[in-house]
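Enquirer: could you work out the structure for the sequence below:
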Amino acid sequence: MTLKAALALLQAGILAAGLALLGALVSESLERSLRADADDLLAARADAIESEIRARLQIGTGGGALASVDVDPGGVELLSAPGLFVEVWDSEGQRVAASRGLPAAGLPWAGDTHDDVRAGHGRLESLPIGSGERVRVLTRPIVEDRRIIAVVRVAESLHLIDNALAGLVRLLLVGGTLVLVVCIVATWLVVSRALEPLEAMAATAEHIAAAGDIGVSVSTRGTCEISRLGVAFGRMVDRLRHLLQSQRQLLADTSHELRNPLTVIRTDLDLLGRDLHPDTRQEVAAEAQAEAARMTRLVSDILFLAREEIATRGPLELVQLDDLASDVVERFRQVATDHQVRVGRLDSVSVLGETDRLRQMVANLVENGVRYSPAGGQITVSVWLDDARTAVLEVVDNGIGISSEHLPRIFDRFYRVDPARGRSTGGTGLGLAIVKHVVTSHGGTVDVASTPGVGSRFVVRLPAQQPAGLAWPSDPMDDSATSAAALSEHAAGSRPAETPLTLDHPEPHP
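Expert: Below is the predicted model of the structure:
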């Protein structure tokens with residue numbers, strides 16, 4: 001059974017039960033009200049007849065009998081009405097007066113009514129009287145000196161009441177059926193519309209499972225919970241599609257990038273198996289080692305990017321960006337001895353993020369500057385807080401530079417301005433792609449300006465974090481900004497206005 005059918009049947013069952021209960025309560029209430037009115041009328045007629053009998057009864061010393069009482073048939077007839085019947089019985093069980101219209105046998109008696117009358121108790125009951133019709137009968141004994149002198153019976157036909165109740169039942173059945181049908185149809189339409197996102201999600205999931213086609217999309221509308229689920233499912237499919245495409249592209253690019261070092265290593269190993277001059281053997285071995293080292297860096301960068309793609313995040317912490325940049329510069333001073341790696345402006349700036357990933361980002365920018373700068377080249381790292389309370393990291397080099405047509409793709413994976421030059425410097429083509437991923441995941445931006453033959457300037461902007469207990473340097477009186485608000489605002493795209501990057505000189509930002 002489908003969910004729509006189950007919900008429609010559930011709605012129909014609940015509504016039918018509710019209508020049946022309502023109909024029963026209305027019928028019962030109406031029947032009680034009409035019966036109470038009939039009982040009051042019967043009691044009033046019985047009181048009138050009893051008063052007349054007591055008034056006409058001649059009671060001697062030894063008491064009187066109904067037979068000696070002059071019961072006025074006209075009076076009895078006056079107390080009757082269409083559908084209202086009256087009869088009087090004496091103490092001997094003989095009917096002495098009756099209204100017209102009664103059957104020859106008189107009003108019906110219930111089996112135990114005589115016992116109640118003998119005991120001096122009245123009786124009010126509904127009894128059948130031919131042709132399926134019913135009458136409401138009040139039987140009242142008249143007691144004088146502890147003996148029954150007469151029995152008065154007053155009855156009213158229940159034909160009108162039964163017809164009214166039957167009409168009400170028919171109305172409830174017809175009206176309830178119409179209401180039930182309308183409600184079922186309305187429920188089916190509403191549920192069908194509400195479940196459209198679920199049906200679309202189910203069809204999409206079945207298509208993906210059957211055909212493996214992740215290119216399908218899910219379109220939903222509305223603001224209900226199911227629509228929101230459909231939107232989330234669509235985003236998940238889009239995210240999965242992006243991840244699969246990214247992984248496929250990464251696999252293709254990785255295969256291409258690994259092919260060259262593997263070919264070189266295999267060739268070098270073949271050469272090493274031959275009888276070579278010691279100097280040549282040493283050159284071949286060094287080349288193989290260099291390619292192996294490059295391949296190791298490539299695999300390491302690929303693993304880092306893979307973790308970035310699946311959004312694996314560690315705990316956020318307060319990171320002193322200036323201290324981190326200083327540590328990276330000190331490390332490169334020790335390994336890049338033929339370059340001048342130094343710090344420029346270094347203000348105390350904090351950001352909220354992951355220390356290891358931010359360190360990797362800074363190291364990649366510095367390594368890029370070292371790799372593409374000539375011996376003796378200068379790489380300057382600066383950190384400061386701009387007027388918009390944004391942390392700025394700047395890495396400037398005076399290397400070979402990048403032409404303008406290559407700048408839009410400089411952060412793409414495995415993109416190189418000169419592939420041959422990239423392999424000769426040992427680069428993997430993933431360093432700047434990693435920088436882009438890290439900066440974006442921290443809610444920041446990265447830009448580059450470069451002039452061939454002059455150098456390059458990379459500027460990273462991240463949402464700054466105000467240290468606890470300290471005021472912002474740019475406005476000591478305003479401490480309203482918090483780290484969480486700054487990070488969420490920056491991640492949502494509300495960034496300060498930025499001036500175009502220029503590369504007038506390789507010196508750090510003043």
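Enquirer: now do the lengthiest helix in the chain, average pLDDT.
Expert: In the chain, taking DSSP state H as the definition, the longest helix is helix 3-56. Computed over helix 3-56, the mean pLDDT rounds to 85.
Enquirer: and what of stretch 274-293?
Expert: Rounded mean pLDDT across stretch 274-293 is 83.
Enquirer: the residue nearest to residue 198 when sequence neighbours are not counted: what's it in contact with?
Expert: Nearest non-adjacent residue to residue 198, counting by Cβ to Cβ, 6 or more residues apart in numbering: residue 226, 5.9 Å away. The way it works is simple: take the backbone N, C-alpha and C, and place the C-beta from them, glycine included. Taking Cβ atoms under 8 Å, 6 or more residues apart in numbering, we find residue 226 in contact with 194-195, 197-198.
Enquirer: swap the cut-off to 6 Å and go again
Expert: 194, 197-198 (Cβ atoms under 6 Å, 6 or more residues apart in numbering).
Enquirer: may I have the phi/psi pair for residue 443?
Expert: phi 80, psi 20 (degrees, to the nearest 10).
Enquirer: touching, it and residue 461? I think so.
Expert: No. Counting by Cβ atoms under 6 Å, residue 443 stays clear of residue 461, with 9.6 Å between them.
Enquirer: give the buried residues for stretch 365-384.
Expert: 365-373, 377-384 (16 or more other Cβ atoms under 10 Å).
Enquirer: what does stretch 289-299 give?
Expert: Buried residues in stretch 289-299, counted by 16+ other Cβ under 10 Å: 290-291, 294-295, 298.
Enquirer: beta-bridge partners for residue 154, please?
Expert: When bridges are called by DSSP bridges, residue 154 pairs up with residue 86, residue 138.
Enquirer: returning to that earlier point: the buried residues of stretch 289-299 in helices, which ones?
Expert: 290-291, 294-295, 298.
Enquirer: tell me which residues of stretch 190-205 come out buried.
Expert: Buried residues in stretch 190-205 (16+ other Cβ under 10 Å): 191, 194-198, 200-201, 204.
Enquirer: any stretches of the chain with poor pLDDT?
Expert: 1, 56-82, 215, 218-223, 250, 253-254, 256-257, 305-314, 416-428, 466-510 (pLDDT under 70).
Enquirer: show me it divided up by domain.
Expert: If you go by automatic domain parsing, the domain ranges for the chain are 209-312, 317-510.
Enquirer: how about those in CSV, adding distance to residue 118?
Expert: CSV is the format used below for the domains of the chain (distance: least, Cβ to Cβ, whole Å):
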stretch, distance to residue 118
domain 209-312, 73
domain 317-510, 93
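Enquirer: of the ones you listed, flag the one that's most buried.
Expert: domain 317-510 (a mean of 17; mean count of other Cβ atoms under 10 Å).
Enquirer: where along this structure do the helices fall?
Expert: Counting by DSSP H, the helices of the chain are 3-56, 73-79, 113-118, 159-194, 196-211, 225-272, 278-309, 321-335, 355-371, 419-425, 431-441, 483-491.
Enquirer: need the ones you listed in a markdown table (columns: distance to residue 96).
Expert: Compiled in a markdown table, those are given as follows (distance: least, Cβ to Cβ, whole Å):
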| stretch | distance to residue 96 |
| --- | --- |
| helix 3-56 | 10 |
| helix 73-79 | 9 |
| helix 113-118 | 15 |
| helix 159-194 | 27 |
| helix 196-211 | 81 |
| helix 225-272 | 80 |
| helix 278-309 | 109 |
| helix 321-335 | 119 |
| helix 355-371 | 114 |
| helix 419-425 | 131 |
| helix 431-441 | 109 |
| helix 483-491 | 101 |
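Enquirer: of all the ones you listed, which lies closest to residue 87?
Expert: For residue 87, the closest of the helices of the chain is helix 73-79, at 8.1 Å, according to Cβ to Cβ.
Enquirer: just curious, which of the buried residues of stretch 190-205 is nearest to residue 429?
Expert: Distances from residue 429 to these, taken by Cβ to Cβ, are shortest for residue 204, at 35.6 Å.
Enquirer: what about the closest one, distance to residue 198?
Expert: Distance check for residue 204 against residue 198: by Cβ to Cβ, to the nearest Å, it reads 11 Å.
Enquirer: likewise for residue 207?
Expert: The gap separating residue 207 from residue 198 is 15 Å, by Cβ to Cβ.
Enquirer: what does residue 249 give?
Expert: 33 Å.
Enquirer: now do residue 92
Expert: Residue 92 is 83 Å from residue 198, by Cβ to Cβ.
Enquirer: same check, this time on residue 332
Expert: Counting by Cβ to Cβ, the gap from residue 332 to residue 198 is 56 Å.
Enquirer: excluding sequence neighbours, find me the nearest residue to residue 322.
Expert: Using Cβ to Cβ, 6+ apart, the closest residue to residue 322 is residue 383 (4.5 Å).
Enquirer: is that neighbour in contact with residue 319, as I believe?
Expert: No. The pair residue 383 and residue 319 fails to qualify as a contact (Cβ under 6 Å) at a distance of 11.3 Å.
Enquirer: give me the common contacts of those two.
Expert: Common contacts of residue 383 and residue 319, defined by Cβ under 6 Å, 6+ apart, are absent altogether.
Enquirer: got the contact list for residue 411?
Expert: 432-433, 436.
Enquirer: for it, phi and psi?
Expert: Dihedral angles phi and psi of residue 411 (degrees, to the nearest 10) take the values phi -100, psi 10.
Enquirer: next one: it from residue 140, what distance?
Expert: From residue 411 over to residue 140 the distance is 106 Å, taken as Cβ to Cβ.
Enquirer: how about residue 388?
Expert: Residue 388 is 101 Å from residue 140, by Cβ to Cβ.
Enquirer: can you give me the distance of the most centrally placed residue in the chain to residue 350?
Expert: Relative to the mean C-alpha position of the chain, the nearest C-alpha, by Cα atoms, centre = their mean, is the one of residue 225, at 3.5 Å. In this view, residue 225 and residue 350 are 40 Å apart by Cβ to Cβ.
Enquirer: neighbours of the closest residue to residue 160 other than its chain neighbours, how many?
Expert: Leaving aside its chain neighbours, residue 160 sits nearest to residue 83 (7.2 Å; criterion: Cβ to Cβ, 6+ apart). Using other Cβ atoms under 10 Å, residue 83 is surrounded by 14 other residues.
Enquirer: what's the answer for residue 187, then?
Expert: 18.
Enquirer: surely it meets residue 10?
Expert: No. With contacts counted by Cβ under 6 Å, residue 187 stays clear of residue 10, the gap being 9.0 Å.
Enquirer: contacts only, for the closest residue to residue 348 other than its chain neighbours.
Expert: Counting by Cβ to Cβ, 6+ apart, residue 322 is the residue found nearest to residue 348 once chain neighbours are left out, at 5.7 Å. Neighbour list for residue 322: 346, 348-349, 383 [criterion: Cβ under 6 Å, 6+ apart].
Enquirer: ditto for residue 295
Expert: By Cβ under 6 Å, 6+ apart, the neighbours of residue 295 are residue 261.
Enquirer: where does residue 119 fall, phi/psi-wise?
Expert: Torsion angles, degrees, to the nearest 10, at residue 119: phi -80, psi 0.
Enquirer: likewise residue 273?
Expert: Dihedral pair for residue 273: phi -80, psi -10, per degrees, to the nearest 10.
Enquirer: over to residue 354?
Expert: For residue 354, the backbone dihedrals are phi -110, psi 120 (criterion: degrees, to the nearest 10).
Enquirer: right, I'll call it a day here.
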